[in-house]
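A.B. asks: My questions concern the predicted model and sequence given below.
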Amino acid sequence: MSEQTIVTPPPKPAPVAKAKKKPKELAVVNQSGCTGCEVCVEFCPVDCILLIGGDPLQPQKKLVEIDLDICIGCKLCAKYCPWETIAMLPNEEAYISAASGWTEKTVLAEREWMANADAIIGEELIPALLTKPISAQ
Ligand code: SF4
Ligand code: SF4
């Protein structure tokens, strides 16, 4: 009886992901004007608008945040937001705006910092943090 050699197939190469074409514009929520009504969530065709909460100063209030990596720039949310608090911004500008003051993550970080700094600087600066400028609409 001859000895059999077991030949294992070579590993398959990892699938190459097709480069996604970047939308020219992306949606960014100015959360200072968001009421959490969820109208935009209903219209988004790719489900990239997330309802978030957890603001320690207003735990009952929900806000939305847009996952810019999924947004296809269709503009429906901006068109139908009753409070006109969603702006369509050029792709890179959207990431900068979302990261620099328009997102709840940033708001929460600021408020957490304020809560910790309360004893030192008092409470008068908190209202100023709650009022954010709408600069890119
Ligand atoms: S439609 Fe406008 S106000 Fe309503 S949840 Fe969306 S961004 Fe906020
Ligand atoms: S622009 Fe379109 S894809 Fe992007 S968040 Fe708004 S509805 Fe969703």
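C.D. replies: Alright, I've got the coordinates. Remember, predicted model here, so these are calculated numbers, not experimental data. Ligands and ions are numbered 1, 2, ... in the order given.

A.B. asks: just for the chain, where's the confidence low?
C.D. replies: Where the chain drops to pLDDT under 70, the residues are 1-4, 15-20, 54-56, 100-137.

A.B. asks: Please list the residues of it that sit near ligand 1.
C.D. replies: Counting by CB under 6 Å from any ligand atom, the chain comes close to ligand 1 at 29, 34-40, 64, 81, 83, 85-86. (Glycine included, C-beta is placed from N, CA and C.)

A.B. asks: Looks to me like V28 is in a strand.
C.D. replies: Yes: counting by DSSP: H, G, I helix; E, B strand; the rest coil, V28 is located in a strand.

A.B. asks: count of residues packed around it?
C.D. replies: 27 (other CB atoms under 10 Å).

A.B. asks: isn't it right next to I96, touching?
C.D. replies: No: using CB atoms under 8 Å, V28 is not in contact with I96; the gap is 9.5 Å.

A.B. asks: What residues does this protein have near ligand 2?
C.D. replies: Going by CB under 6 Å from any ligand atom, the residues of the chain near ligand 2 are 27, 43-44, 46, 48-49, 66, 71-77.

A.B. asks: Could you turn the buried ones of the residues of the chain next to ligand 1 into a PyMOL selection?
C.D. replies: Burial among the residues of the chain next to ligand 1 is assessed by 16 or more other CB atoms under 10 Å; the matching PyMOL selection reads:
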select buried, resi 29+34+40+64+81+85+86
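
A.B. asks: Go through the residues of the chain next to ligand 1 and flag which are in helices.
C.D. replies: Cross-referencing the residues of the chain next to ligand 1 against helices under DSSP state H gives 39-40.

A.B. asks: so can I have TSV of the residues of the chain next to ligand 1 showing distance to L57?
C.D. replies: Listed next are the residues of the chain next to ligand 1 as TSV, based on distance: CB to CB, whole Å:
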residue	distance to L57
V29	18
C34	15
T35	16
G36	15
C37	20
E38	21
V39	24
C40	23
V64	18
C81	23
W83	20
T85	19
I86	23
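
A.B. asks: Show me the helices in the protein, by range?
C.D. replies: 39-43, 76-80, 91-97, 104-121, 126-130.

A.B. asks: helices and strands around the first one, which ones?
C.D. replies: With contacts defined as 3 or more CB pairs under 8 Å, 6 or more residues apart in numbering; DSSP states H and E, the secondary structure elements packing on helix 39-43 are strand 49-52, helix 76-80.
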